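[1] Sequence first, then the predicted structure:
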Amino acid sequence: MSPSDSTQAPFRAGTVAVLGRPNVGKSTLVNALVGAKVSIVSPRPQTTRHRLLGIASFDAGQLLLVDTPGIHREQKRAMNRMMNRAARGAVEGVDAAALVIEAGRWTEEDGLAYSALNAAGVPVALVVNKVDKMADKTELLPFIAEVTRERVFASVHLVSALKSKGLDVLVKDLLQLMPASAPIYGEDEITDRSERFLAGELVREQLMLRLGEELPYSTTVEIERFEEDGEMLRIAAIVWVEREGQKPIVIGKGGERMKAISTGARIGMEKLFGRKVFLETWCRVREGWSDDEAALRRFGYSD
Ligand SMILES: Nc1nc2c(ncn2[C@@H]2O[C@H](COP(=O)(O)OP(=O)(O)OP(=O)(O)O)[C@@H](O)[C@H]2O)c(=O)[nH]1
């Protein structure tokens, strides 16, 4: 994708907060813009736990995408507070926001996100995602008319992040909202996260995809080893569970599930890192951890 303006146009670079309800497709959009899987995707809401910077480079500029965790639907007051806090945190210092919504659905939470962004004075591009899912496309224009009736957006986009549709114009319009600036990162950089972190995320993604609702909430992934061995990478991942009884859920009958998790994660790693990966995956019980230690390990740290 390379939206090319006139040759006179300055290079632009800046930060875009990607906001929206859980499951609307924020991570899928960031990955599609970056052109690689920097943010994990699953049909389960609340997949994204971390703020993450995806770096999308184009001929005309560079977008630093902050992929924010989705916001819970809770009681109204709590929701309001969380929404504002999440929006404020994510929006601090950004040049624009992409508010991602699902085609045909505008909810109260979307309205709250819009209001928080508007109050923060951040220009908002409305990204109506999952257009491919809408059987009757004639409903799209009245839907947009309704959403934009009393709200101001810098631009409005109909996209399918999954099928990479409508993204060229989105990039072009987002770049217009960025300040003239030299590139902030190298053209081949795609995230500020380490490869080690991304490896852990790919294991976590497989856990979510393959365990679904069965996945114990407190499960964490630790990358115990991440080493270069000639052309290949040797990686060891530990899936930490809280109780002995949770191990069979992760491992599955005859180890089948763990094998599938490991293979899925390895394939993702080989694609992302562009080389062969030897991956070992273990499931262990994290007996005796304090909450602090568990939290640190969740971010890939251990003493
Ligand atoms: N049909 C269709 N599905 C999509 C599209 N974009 C995302 N999805 C699917 O929607 C689900 C959620 O996608 P994510 O990218 O994880 O959504 P998210 O907003 O980052 O979710 P949280 O991490 O929970 O905030 C996944 O199953 C995606 O494959 C799209 O354009 N079309």
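    It's in.
[2] For Val203, the count of nearby residues, please.
    With neighbours defined by other CB atoms under 10 Å, the count for Val203 comes to 26. Bear in mind the C-beta positions are built from the backbone N, C-alpha and C, glycine included.
[3] Is it correct that it is in contact with Ala236?
    No - with contact defined as CB atoms under 8 Å, Val203 does not count as touching Ala236 (10.6 Å).
[4] got any residues that touch both of the two?
    Residues touching both Val203 and Ala236 (CB atoms under 8 Å, 6 or more residues apart in numbering) are 223, 281.
[5] Pull out the buried positions in stretch 248-259.
    For stretch 248-259, a neighbour-count test (16 or more other CB atoms under 10 Å) marks 250-251, 257-258 as buried.
[6] Go through the residues you listed and say which is closest to the ligand.
    When those are compared for distance to the ligand, the smallest value, 20.0 Å, is given by Arg257; criterion: CB to the nearest ligand atom.
[7] Just confirm that closest one is within a strand.
    No - counting by DSSP: H, G, I helix; E, B strand; the rest coil, one finds Arg257 to be helix, located in no strand.
[8] In contact with it, which residues?
    If you count contacts by CB under 8 Å, 6+ apart, Arg257 has them with 210-211, 250-251.
[9] Spit out the contact partners of the residue nearest to Arg196 when sequence neighbours are not counted.
    For Arg196, the nearest residue in space outside its immediate sequence neighbours is Phe226; the separation is 4.5 Å by CB to CB, 6 or more residues apart in numbering. If a contact means CB under 8 Å, 6+ apart, then Phe226 has 195-196, 199, 233-235 as its contacts.
[10] again, but for Val277
    Contact criterion CB under 8 Å, 6+ apart gives 232-235, 266, 269-270 as the residues in contact with Val277.
[11] Could you export these as a markdown table, including pLDDT and secondary structure?
    As requested, these are arranged in a markdown table below (pLDDT from 0 to 100; DSSP: H, G, I helix; E, B strand; the rest coil):
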| residue | pLDDT | secondary structure |
| --- | --- | --- |
| Met232 | 93 | strand |
| Leu233 | 93 | strand |
| Arg234 | 95 | strand |
| Ile235 | 95 | strand |
| Arg266 | 96 | helix |
| Met269 | 94 | helix |
| Glu270 | 93 | helix |
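[12] Kindly indicate which of those residues lies nearest the ligand.
    Of all the contacts of Val277, Met269 has the smallest distance to the ligand: 18.7 Å, by CB to the nearest ligand atom.
[13] Quick check: bridge partners of the nearest residue to the closest one once chain neighbours are set aside?
    Taking CB to CB, 6+ apart, and ignoring the residues beside it in sequence, Met269 has Val277 as its nearest neighbour in space, at 4.5 Å. Bridge pairing for Val277 (DSSP bridges) gives the partners Leu233.
[14] what about Val277, distance to the ligand?
    Going from Val277 to the ligand by CB to the nearest ligand atom, to the nearest Å gives 23 Å.
[15] Can you name every helix or strand that the strand or helix carrying Lys247 contacts?
    Mapping Lys247 onto the secondary structure by DSSP states H and E places it in helix 247-251. Helix 247-251 is packed against helix 195-211, strand 232-241, helix 256-273, strand 277-285, with contacts defined by 3 or more CB pairs under 8 Å, 6 or more residues apart in numbering; DSSP states H and E.
[16] which stretch among these comes nearest Lys163?
    Checking the helices and strands packed on helix 247-251 against Lys163 by CB to CB gives helix 256-273 as the closest, at 18.7 Å.
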